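Chemist: Okay, structure incoming, though there's no sequence with it:
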DNA sequence: GAGTTAGTTGCGAATGATTCGCATGTGCAT
DNA sequence: ATGCACATGCGAATCATTCGCAACTAACTC
Ligand SMILES: [Mn+2]
Ligand SMILES: [Mn+2]
Ligand SMILES: [Zn+2]
Ligand SMILES: [Zn+2]
């Protein structure tokens, strides 16, 4: 059973990278994730598939994929970065500042506005990120009770 | 000449922090900066005013100010964080991925959209950040010549 | 104005995420 | 099948940020 995750394979070939089992594993994890994993979460899951896959390889893979537009690095909050496949749909992230959970919202209009803003500065927009921070409904409830 | 930067002083009192010369220095730097300094840039400038002010104090001051909404921490790109006074005007940041320079664009409409998106999730929006990444006009010119 | 004390600072050590160096392993073009 | 540039694993190195603790000091009290 030569697990030929053709999705990952072709993406790797497209960007001129060799197809290795490690890269396949990392990409499959990103593809099947609900989204927004950080490096060590990816690492943990990856080890279930290959117990010797190293953290350095996770980072190297993520970097290569980011540099080639396959993956997006998110700077949501805190120290560690999160990663997601660069899907085509524009979306912003809602970050709950209490529990840290993350929601995605469509943002076609936001990115349209971003592009317009960029044009005004002679800026060639390649990416528009938006992070909305707040308190989610359930955390607001709990906070209310404590008080 | 007791340099009584009343602006910084009252802000500090408002948030229940003691007024120290170190905090005044850091806040004055942020106030007079064109914007978006990282911790070590603040540190360097601070040392011109007080040669023994420590980097730890810079970080501690920034953290206290962030926690009290006086300063905003930006996650623009790369490893280090940038800081700016939490001015009232909503603005997004245009980050040139080549030279790293940063422009600010007004974003009232963006933040209105953010708030709407949040409402849809029962989210109480406390902050909306947007980062637009691209290539600035001058970098685009230089890239063109190299090729 | 001196006394008291909790909040601050400086300094160096500790952390924790991310990156490197290098010896070993392996895709893949021929 | 062979060769070699590219990848990986492992541990050490970086680098931003945080801590621990002893020495200060702002601000409150008399
Ligand atoms: Mn960040
Ligand atoms: Mn700004
Ligand atoms: Zn929450
Ligand atoms: Zn530029």
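Modeler: Nice, I can see it. Quick caveat, the model's predicted, so the values are computed rather than measured. Ligands and ions are numbered 1, 2, ... in the order given.
Chemist: Smallest gap between chain A and ligand 2, at which residue?
Modeler: When scored by CB to the ion, chain A has residue A:117 as its residue closest to ligand 2, at 13.4 Å. For the C-beta atoms, the positions are set from N, CA and C on the backbone; glycine is no exception.
Chemist: Show the average pLDDT along the helix or strand hosting that residue.
Modeler: For residue A:117, the element it lies in under DSSP states H and E is helix A:108-120. The pLDDT scores in helix A:108-120 average 77.
Chemist: One more: stretch A:26-44?
Modeler: On average, stretch A:26-44 scores 93.
Chemist: So that stretch, near DNA strand C or not?
Modeler: Yes: interface with DNA strand C: stretch A:26-44 contributes A:38-40 (CB under 7 Å from any atom of the strand).
Chemist: From those residues, list the buried ones, please.
Modeler: A:38-39 (16 or more other CB atoms under 10 Å in any protein chain shown).
Chemist: Tell me the one of the residues of stretch A:26-44 next to DNA strand C nearest residue B:23?
Modeler: Relative to residue B:23, the closest of the residues of stretch A:26-44 next to DNA strand C is residue A:38; by CB to CB it sits at 33.1 Å.
Chemist: what bridges to the closest one?
Modeler: On the basis of DSSP bridges, residue A:38 takes part in beta bridges with residue A:82.
Chemist: Give me the buried stretch members for the host helix or strand of residue A:28, please.
Modeler: Assigned by DSSP H and E, residue A:28 belongs to helix A:21-32. For helix A:21-32, a neighbour-count test (16+ other CB under 10 Å) marks A:22-30 as buried.
Chemist: Need those residues in CSV (columns: distance to DNA strand D).
Modeler: Formatted as CSV, the buried residues of helix A:21-32 follow (distance: CB to the nearest atom of the strand, whole Å):
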residue, distance to DNA strand D
A:22, 4
A:23, 5
A:24, 9
A:25, 9
A:26, 8
A:27, 11
A:28, 13
A:29, 13
A:30, 14
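Chemist: Is there a neighbour count for residue A:52? I'd like the number.
Modeler: Neighbour count for residue A:52, taken as other CB atoms under 10 Å in any protein chain shown: 7.
Chemist: Residue A:61 now?
Modeler: 27.
Chemist: thinking again about what came up before, so is the helix holding residue A:117 next to chain B?
Modeler: Yes: Helix A:108-120 lies within reach of chain B by CB under 8 Å from any CB of the partner chain, at A:109-110, A:113-114, A:117-118, A:120.
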